[in-house]
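Asker: Just a sequence and a predicted model for now, questions to come.
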Amino acid sequence: MHIQKYLHPRDEILQAMERIYRYRMTTTSGGNLSIREANGDVWITPARIDKGALHRDDIVCVRSNGQVEGIRKPSSELPIHQEIRRRRPTLAGVVHAHPVALVAFSLVHEVPNTRVFHQARRVCGEVGFVPYELPGSEALGRAVAATFAQGYDCVIMENHGMVTAGTTFQEAFHRFETLEFTAKTLIKARLLGGEVRFLSEDQVRLEEQRVGRPEEFTPHPPSSGENELRRRLCEFVRRAYRQRLFISTQGSFSARVSPTSFLITPSGVDRASIETSDLVLVQHGLAETGKQPSQEHAVHASVYAQHPNVGSIINAYPVNATAFSVTGVPLDTRTIPESYVVVRNVGRVPFGPQFEDGREVAQALGPKCPALIMENDGVLVTGSEILEAFDRLEVLESTAEAIINCRAVGSMRPMSDAVTRDLDVAFFGEM
């Protein structure tokens, strides 16, 4: 989450719970969040209340002396939160919930391997596991806290759910959302049938060699055209989050402004609440002063340089298409006419080139191949403008989901060569 500097803890918790409930990462009765302030006061969600209709006055304050203030009683899981902080005093934010993918792992007594993505490894680290104890009990609090004391920041509780924590509440939320995304991807990948490929520690560290922060320049006042592009780009970034094509910590979107400049999402800003002023103008390889562009900026710059007809680029992590990126299974778009016509062919880039200057990624693209599977790093799609790129991303994800779902029904029977030739003639004038 992107937290405003002067946001009250009540509102910080309320905003997070609204997201968690909206995206079905907890139920009406499940889950609890807390924040500890520097003075030792703890703000926490209340016990036995509808999480889908939470109000700011429902949030309970437990003072540093143990006094409880508010119209509700604090969550029964308060002992877990307090014991975690007693064992690791630097952890101010705690998230406990029952998101379905992580609950699935808790049911089989496993933890997600975060080395499936370099970002997940960086954000979440390794995941701890706690044997079953009675919910709300001091024994559970001690067991969870002991696991955090070993250095874990994310913990799966046997036949229960999960807990994440961070030095800030926003860090705890980012870990929660990233870990659930990782778990969902692993489940989808196993349903897909291919062997899941995990990164080595050397591959995880490749991110450290990524082309760094560009030098800065002071741009001229933006034109009305640039301002309109900023507005549209922000609208689609927020929509990508709502559609679960992005998560708060992952996803880059850019749009060409001129032959030598483009706007791109910034690094470290929550995708759900991005504003026009957050976007970064990149021109002749230089970044707008005082802003950090997405870490994918070099790849986007190379694609724009090699493909003049590309007007917009998206790096995204939609869970179904991303399942293809962590297996060797090819994504065949010959499912329905829309998929073949909108997405065309999907290329594949091995893990590693995205951390370089982007030329190898750009070379894999073309008029008949406007989308790429980035091994263990989601997908990259292009379009002539923002809407086309976004539509292509949505269709790609829908296609991937349909292919995975059809595994439960039978073997996929793609459209024939004769059908695709007819589509090529009708929509692209190809003979």
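Answerer: Looks like it came in fine. Predicted model, so just to flag it, every value in this text is computed and none were measured.
Asker: R334: what secondary structure?
Answerer: coil (DSSP: H, G, I helix; E, B strand; the rest coil).
Asker: I should have written M17 there, sorry.
Answerer: Assigned with three-state DSSP, M17 falls in the helix class.
Asker: all strands of the stretch 151-300 of the chain, in order?
Answerer: Counting by DSSP state E, counting those that start in this stretch, the stretch 151-300 of the chain has strands at residues 154-157, 161-166, 216-217, 252-258, 261-264, 280-283, 286-288.
Asker: among those strands, which is nearest D332?
Answerer: Between D332 and the strands of the stretch 151-300 of the chain, the shortest separation by Cβ to Cβ is 26.0 Å, and it involves strand 252-258. (C-beta placed from N, C-alpha, C; glycine too.)
Asker: quick check, A101 in a helix?
Answerer: Yes - assessed by three-state DSSP, A101 belongs to a helix.
Asker: E397 versus that one, what's the distance?
Answerer: 17 Å (Cβ to Cβ, to the nearest Å).
Asker: quick one, what contacts T26?
Answerer: Counting by Cβ atoms under 8 Å, 6 or more residues apart in numbering, T26 touches M17, I20, K51, A97, H98, P99.
Asker: actually L134, not the one I typed
Answerer: L140.
Asker: Reformat the strands of the stretch 151-300 of the chain as CSV; add mean pLDDT and distance to F181.
Answerer: As requested, these are arranged in CSV below (pLDDT from 0 to 100; distance: least, Cβ to Cβ, whole Å):
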stretch, mean pLDDT, distance to F181
strand 154-157, 97, 12
strand 161-166, 96, 13
strand 216-217, 92, 32
strand 252-258, 97, 16
strand 261-264, 98, 22
strand 280-283, 96, 24
strand 286-288, 95, 28
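Asker: In JSON lines: those, plus mean neighbour count.
Answerer: Listed next are the strands of the stretch 151-300 of the chain as JSON lines, based on neighbours: other Cβ atoms under 10 Å:
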{"stretch": "strand 154-157", "mean neighbour count": "26"}
{"stretch": "strand 161-166", "mean neighbour count": "26"}
{"stretch": "strand 216-217", "mean neighbour count": "14"}
{"stretch": "strand 252-258", "mean neighbour count": "23"}
{"stretch": "strand 261-264", "mean neighbour count": "24"}
{"stretch": "strand 280-283", "mean neighbour count": "22"}
{"stretch": "strand 286-288", "mean neighbour count": "19"}
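Asker: Go ahead and confirm L191 touches E401.
Answerer: No - using Cβ atoms under 8 Å, L191 makes no contact with E401, being 10.5 Å away.
Asker: I would like the residues contacting stretch 341-353, please.
Answerer: Stretch 341-353 has contacts (Cβ under 8 Å, 6+ apart) with 199, 203, 206, 330-331, 333, 360-361, 364-365, 367-377, 380, 391-392, 395-396, 399, 423, 427.
Asker: Sort out which of those are buried, if you could.
Answerer: 199, 203, 206, 331, 333, 361, 364-365, 370-377, 380, 392, 395-396, 399, 423 (16 or more other Cβ atoms under 10 Å).
Asker: okay, which residue is most central for the protein?
Answerer: I247 (2.7 Å; Cα atoms, centre = their mean).
Asker: So what sits opposite that one in the bridge?
Answerer: I247 forms beta bridges with Q250, as assigned by DSSP bridges.
Asker: From A139, how far off is it?
Answerer: I247 sits at a distance of 33 Å from A139 (criterion: Cβ to Cβ).
Asker: repeat for Q363
Answerer: Per Cβ to Cβ, Q363 is found 58 Å from A139.
Asker: Just give me the neighbour total for the closest residue to L186 other than its chain neighbours.
Answerer: Counting by Cβ to Cβ, 6 or more residues apart in numbering, P112 is the residue found nearest to L186 once chain neighbours are left out, at 5.7 Å. For P112, the neighbour count with other Cβ atoms under 10 Å is 26.
Asker: Alright, I will stop here.
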